[in-house]
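J.: Okay, sequence plus prediction incoming.
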Amino acid sequence: MKYCEKCGNELFDEAVICPKCGCAVRYEKTQRTGKPSAQVNASAPINVCALVGFILSLSSILSILNVFGLLAIAGVINSVIGLVNCTREKHRGKVFAIVGIIVGAVFGVIGLYAWIGFVSDDRSWLVLLIPGLI
């Protein structure tokens, strides 16, 4: 319950004026409860792990070294670490991390498929190297 500052009359919490003396009731701003918003500052640094994961994942597209999916796997690992750090420390680079995870996962599967074809002496895995040779 609130009280009028002028006459001391008891007021309802929603009251805007005192019904006894007509004095305006001061509005008290309520504090927000909960966590502050997760806004990322524009001057925050770009997370290095997210950027490295993005670069490794993109390089797995054009690299012949991705035959076994190693670059893509390294890109996914770095991107996941970068995404966690971006969320926790409010750094920039979430988009780099998310794209790195998606691209790395796709080309990791392609590299794994090529490795399985290589081990089983199936020559269809050579088709997967064509983007790397261009």
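T.: Looks like it came in fine.
J.: Spatially nearest residue to the residue nearest to the spatial centre of the chain, not counting backbone neighbours?
T.: Central residue of the chain (Cα atoms, centre = their mean): K94, 4.1 Å from the mean position. With Cβ to Cβ, 6 or more residues apart in numbering as the criterion, K94 has its nearest non-adjacent residue at 4.7 Å, and that residue is C86. Using the backbone N, CA and C atoms, a C-beta is placed for each residue, glycine as well.
J.: likewise G69?
T.: G111 (2.6 Å).
J.: Let me know the secondary structure of that neighbour.
T.: helix (DSSP: H, G, I helix; E, B strand; the rest coil).
J.: Find me the pLDDT at it, would you?
T.: Note for G111: predicted pLDDT of 77.
J.: isn't G93 right up against G53?
T.: No - between G93 and G53 there is no contact under Cβ atoms under 8 Å: 9.3 Å.
J.: which of the two has more neighbours?
T.: G53 (30 against 24; other Cβ atoms under 10 Å).
J.: Quick check, G53 in contact with I102.
T.: No - counting by Cβ under 8 Å, G53 stays clear of I102, with 11.0 Å between them.
J.: Quick check on K6: phi, psi?
T.: phi -90, psi -50 (degrees, to the nearest 10).
J.: Hmm, it is touching G22, no?
T.: No - under the criterion of Cβ under 8 Å, K6 makes no contact with G22, lying 9.1 Å away.
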